[in-house]
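Chemist: pasting the structure only:
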Ligand code: DX5
Ligand code: ZN
């Protein structure tokens, strides 16, 4: 079964709460929260995403899927742990030592939150293999992180296939999430490659029928 995690990165503030309710009615499985610090990526969404995540934690029981695109996750992690999200993802490119990576993984797990490692299009599966036994999900970026509305980079799906093969071979029970450029056309290849958690931002939010858009991704 695949799940859809709707990215609310490009959602305007004025009608945010209405959209959140509409997305729940339209059967999104999770809300994807893109926390950007203006360093790891150019954009800074620290305040907006904190505001949206806090609001969501008050109005829905659906899971929050928090994607940290920040150099220093330690600055933000406690306030997000308090919101009890379903997943917290962090980028391997931001963690230079194995010790720090394991510390972050363990902090998240100790709080009964599922942990995911995220990788940029240029990062290989080889670079994260040693952590796979300790995480619940791998987030494969299918665009260069930084903004919504970009085109999926086809080569990133080869990494999804490679990861899927590795996971099956080793008998690990972990999710594979794809993030960036997922729409009615690209979703089929992403699923075939082995993704089972689909992040979709612009495709869902720009659609005139949220329910139809989300169901197009799931079928
Ligand atoms: C990109 C973000 C994505 C993005 C997805 O840096 O991590 O979550 O919002 O948006 P779409 O689906 O429009 O590519
Ligand atoms: Zn994201």
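Modeler: That came in fine, so what should we check first? Note that this is a predicted model, so its numbers are computed, not measured. Ligands and ions are numbered 1, 2, ... in the order given.
Chemist: contacts and neighbour counts: CA atoms only from here.
Modeler: Noted.
Chemist: Next, count neighbours for the nearest residue to residue 198 once chain neighbours are set aside.
Modeler: Leaving aside its sequence neighbours, residue 198 sits nearest to residue 4 (CA to CA, 6 or more residues apart in numbering; 4.9 Å). Residue 4: 21 surrounding residues under other CA atoms under 10 Å.
Chemist: mean confidence for the helix or strand that contains residue 4?
Modeler: Assigned by DSSP states H and E, residue 4 belongs to strand 3-7. Per-residue pLDDT over strand 3-7 has a mean of 98.
Chemist: For the residue most central in space within the chain, give the beta-bridge partners.
Modeler: Nearest residue to the geometric centre of the chain (CA atoms, centre = their mean): residue 67, 5.0 Å. For residue 67, the beta-bridge partners are residue 34, residue 89 (DSSP bridges).
Chemist: Tell me how far it lies from residue 130.
Modeler: In this structure, residue 67 and residue 130 are 21 Å apart, going by CA to CA, to the nearest Å.
Chemist: likewise residue 78?
Modeler: Applying CA to CA to residue 78 and residue 130 gives a distance of 26 Å.
Chemist: interface residues of the chain facing ligand 1?
Modeler: Counting by CA under 6 Å from any ligand atom, the chain comes close to ligand 1 at 7, 9, 34, 145-150, 179-182, 200-203.
Chemist: Which of those residues are buried, as a PyMOL select command?
Modeler: Here is the PyMOL command that selects the buried residues among the residues of the chain next to ligand 1 (16 or more other CA atoms under 10 Å):
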select buried, resi 7+9+34+145+146+147+148+179+180+181+182+200+201+202+203
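Chemist: So which of the residues of the chain next to ligand 1 sit within helices?
Modeler: Judged by DSSP state H, these include 202-203 as members of helices.
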